[in-house]
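Asks: here is a sequence together with a model predicted from it:
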Amino acid sequence: MRSVLLAAVAATLALSLPAKAEDVTVAVTAIVEHPALDAARKGVLDVLTAAGYKEGENLKFVFQSAQGNPATAAQIARQFAGDGPNVIVPISTPSAQAVVSSTRDIPVVFTAVSDPLGAQLVKNMDKPGGNVTGLSDMSPVAEHVALIKEILPNAKTIGYLYNSGEANSVSLLAVLKVEAEKAGLKVVESAATKSAEVQGAARALVGRADAIYIPTDNTIISALEGAVAVADEAKLPLFTADTDSVSRGSVAALGFNYYDVGKQTGEIVVRILKGENPGDIPGKVAAGSDLVINKGAAAKMGVTFPESVLKRATKTID
């Protein structure tokens, strides 16, 4: 009788304990693969490893890219929901929206989402409730506008290159218009709904803008080289919100180090694996920002950095 009682108690305890490290699966998805999102994914994995969850030993770390296709993102989300991992980490707004729509039970930790409220991922960042929490990478748009004016004091018009179907980019456009007006700048829009349209959308800004500004828009950034080629040829300075894009040819970016964003996301994932309820963990805006400049790109686009920018840069690419 005593052995039966002990077995029953053991079974009850097993059900109430958080997932054991040897039984952990973390499923990650992103709308596309590009350096910033890849860095975020690596940051998540490195934090899991440091916490004792080691891939191939006691951690199954699954990743799937939607290759820029929202329908594929929805398919991946449904697959993950059916597989039942311990935590799902969607990187980017389209992937997060797909995942959040697919499960009400599996913990979800979104990341690299500019406007979680506007994307309807949570109703309250401080008290998200339910099975969802995560990290916003809302861009410091006012600082971006100030940087463009500092580097190009005679600029009158900013060309905004974005995907009009991405909720983050639409939200950021509204913010940009407000901040640009304060700085005496006009905003001209040019949209590309898929990567194949990016170069043409960039070309549409030639002659209409004094600079191109690209937000943390995964469609545009995944095909950044096409926009850079146009900017080089037209000597039209191109700025990005994504610091990883500077090495790919933009003049400058003030933004997050996405590896650090991934690490901050991974810390939330670990808390959930150790038993916390995602709905009780406040969502937050990622911490930290870097100023990265590219002297070679600047020379091609006819830009000379003022001394004030050179001194503040946290990283300079020659």
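Replies: That came in fine, so what should we check first?

Asks: tell me the buried residues in the strand or helix carrying residue 261?
Replies: Applying DSSP states H and E as the criterion places residue 261 in helix 258-273. Using 16 or more other C-beta atoms under 10 Å as the burial criterion, the residues of helix 258-273 that qualify are 258-273. Yep, even glycine has a C-beta here, placed from its N, CA and C like the rest.

Asks: all strands for the stretch 201-318 of the chain, in order.
Replies: Under the criterion DSSP state E, counting those that start in this stretch, strands of the stretch 201-318 of the chain are mapped to 211-214, 238-240, 252-255, 284-285, 290-294, 315-317.

Asks: report the buried residues of stretch 277-292.
Replies: Buried, per 16+ other C-beta under 10 Å, within stretch 277-292: 278, 281, 283, 286, 289, 290, 291, 292.

Asks: repeat for stretch 67-87
Replies: By neighbour count with 16+ other C-beta under 10 Å, stretch 67-87 contains the buried residues 68, 72, 73, 74, 76, 77, 80, 81, 85, 86, 87.

Asks: centroid residue for this structure?
Replies: The residue lying closest to the centre of the chain (C-alpha atoms, centre = their mean) is residue 112, at 2.5 Å.

Asks: and the helix or strand encompassing that residue with helix 258-273, angle?
Replies: Using DSSP H and E, residue 112 sits in strand 108-113. Here the directions of strand 108-113 and helix 258-273 differ by 170 degrees (axes from the mean of the first three to the mean of the last three C-alpha atoms, to 10 degrees).

Asks: what pairs with strand 108-113, parallel or antiparallel?
Replies: Here strand 108-113 has these sheet partners by DSSP bridges: strand 87-91 (parallel), strand 132-136 (parallel).

Asks: tell me the most buried of the ones you listed?
Replies: strand 87-91 (a mean of 30; mean count of other C-beta atoms under 10 Å).

Asks: what is the next helix or strand after that one packed up against?
Replies: Note on strand 87-91: by DSSP H and E, the next helix or strand toward the C-terminus is helix 93-102. Helices and strands touching helix 93-102, by 3 or more C-beta pairs under 8 Å, 6 or more residues apart in numbering; DSSP states H and E, are strand 24-30, helix 70-83, strand 87-91, strand 108-113, helix 167-182.
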